[in-house]
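Visitor: One predicted model, sequence on top.
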Amino acid sequence: MDNVKLTRRMTLALSAGAMSIAFALPVQADLMEKIKEGMDVAFYNFKPYAFVDQNNDLVGTDIELLTAVLDKMGGQIGEAQAVDWGALIPGVNSGRFDVVAAGMFVTPKRCAAVRFSQPYFGIKQALAVPNGNPNGLTNYESVRDKGLTIGVISGAAQFGYATAAGVPEANILQLPDNPAGIAALRAGRIDAWAVSAPGVREIVKGVPEGDIESGPVFAEVAGKPAVSHGAFAFRQDASAFVDEFDKALTAFVGSPEHVAIMEKYGMSADELPVLKTEDICGS
């Protein structure tokens, strides 16, 4: 698939180091009609899922996948909003936008707050560490055993992984984004920065100084599988629409076209989902 150009070019403004876009009007009740005009999308500027490239275009795995699925449904993306991570779920629930496209992991707690689509990736975990991995960190348990400090994005699943592995909350530093995490790692405030394995790969690729590397990829935390499944998030009352959306989504996920999108942004067919949303949500 060629690089996706959105129906309406994103107009971005930089404010206090963060991108912001004017909020759209409250969502319409009938999303099947709304998508013909253009679905309002919230994204968190984070590779490889949704980010603004050097041409000021909104790109990434989630954006290209959402574009393809909506196209099959006769719809399109309209306006997009760059949103802080902690404001994504409150924003979609308040009607400020229609869907979250942010590589959001499906968790039972989030299932109670939003209606997730079926997953479109299932990814393993990794830690970003200083070059040479001086502390020999391999997973959350190694951070625990050595009494070290780990950094996570505030509100992200990695906080739960760290606590499940027995890392004391006092040794977990929650920060707003990857740049803040890498700055903390370089400053010695933390010993490792925890995101998904694809996220760590993108961090390493984006560090020209070559002073950050990825620790080993791992698939278990505290003896349990830690393959995180990502999905699009909608309001709970959008269930009828999501049922139709899922038909187009599941038909596309795993196709050669979908795998090509994943590979374009550093993911692979090894990171396709292995569970369904209902398996994770417990319903």
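Guide: Received the coordinates, thanks. It should be emphasised that the depicted structure is a prediction, and the values quoted were computed from it without experimental measurement.
Visitor: give me the low-pLDDT residue ranges for the protein?
Guide: 1-29, 283 (pLDDT under 70).
Visitor: what's the next secondary structure element after the longest helix belonging to it?
Guide: Counting by DSSP state H, the longest helix found in the chain is helix 239-252. Note on helix 239-252: by DSSP states H and E, the next helix or strand toward the C-terminus is helix 256-264.
Visitor: Just want the angle from that next one to helix 239-252.
Guide: 80 degrees (axes from the mean of the first three to the mean of the last three CA atoms, to 10 degrees).
Visitor: Pull the distance from helix 256-264 to the chain's centre.
Guide: Counting by CA atoms, centre = their mean, to the nearest Å, helix 256-264 is centred 17 Å from the centre of its parent chain.
Visitor: For residue 75, grab the count of nearby residues.
Guide: Using other CB atoms under 10 Å, residue 75 has 23 neighbouring residues. C-betas here are computed from N, CA, C, even on glycine.
Visitor: Just the terminal-to-terminal distance for stretch 228-246.
Guide: Terminal residues of stretch 228-246 lie 19 Å apart, using CA to CA, to the nearest Å.
Visitor: meant to ask about stretch 33-43
Guide: 22 Å.
Visitor: List the buried residues in that stretch.
Guide: Residues 34-35, 38-43 are the ones in stretch 33-43 that count as buried (16 or more other CB atoms under 10 Å).
Visitor: what are the ranges of the helices in the chain?
Guide: Going by DSSP H, the chain shows helices at 31-37, 61-72, 88-94, 108-111, 140-145, 157-164, 178-187, 197-205, 239-252, 256-264, 277-281.
Visitor: I'd assumed residue 240 was in contact with residue 115.
Guide: No. The pair residue 115 / residue 240 is not scored as a contact, 10.0 Å apart, by CB atoms under 8 Å.
Visitor: If you count surrounding residues, which of those two has more?
Guide: Using other CB under 10 Å, the more surrounded residue of residue 115 and residue 240 is residue 115, with 21 against 11.
Visitor: Bridged to the more buried one, which residues?
Guide: residue 234 (DSSP bridges).
Visitor: Only alpha carbons, please: show stretch 75-93 as PDB.
Guide: Taking only C-alpha atoms (Å, rounded to 0.1, in the frame of the first residue of the first chain), the coordinates of stretch 75-93 have been written out as PDB:
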ATOM      1  CA  GLY A  75     -16.100   6.000   4.600                       C
ATOM      2  CA  GLN A  76     -13.000   8.100   5.300                       C
ATOM      3  CA  ILE A  77     -11.000   9.900   8.000                       C
ATOM      4  CA  GLY A  78     -12.000  13.500   8.400                       C
ATOM      5  CA  GLU A  79     -10.400  15.600  11.200                       C
ATOM      6  CA  ALA A  80      -7.600  14.300  13.400                       C
ATOM      7  CA  GLN A  81      -6.600  15.500  16.900                       C
ATOM      8  CA  ALA A  82      -3.300  15.000  18.600                       C
ATOM      9  CA  VAL A  83      -4.200  14.200  22.200                       C
ATOM     10  CA  ASP A  84      -2.300  13.500  25.400                       C
ATOM     11  CA  TRP A  85      -2.400   9.800  26.300                       C
ATOM     12  CA  GLY A  86      -4.500  10.300  29.500                       C
ATOM     13  CA  ALA A  87      -7.100  12.300  27.600                       C
ATOM     14  CA  LEU A  88      -7.900   9.700  24.900                       C
ATOM     15  CA  ILE A  89     -10.500   7.700  26.600                       C
ATOM     16  CA  PRO A  90     -12.200  10.600  28.300                       C
ATOM     17  CA  GLY A  91     -12.200  12.400  25.000                       C
ATOM     18  CA  VAL A  92     -13.900   9.700  23.000                       C
ATOM     19  CA  ASN A  93     -16.400   9.100  25.700                       C
END
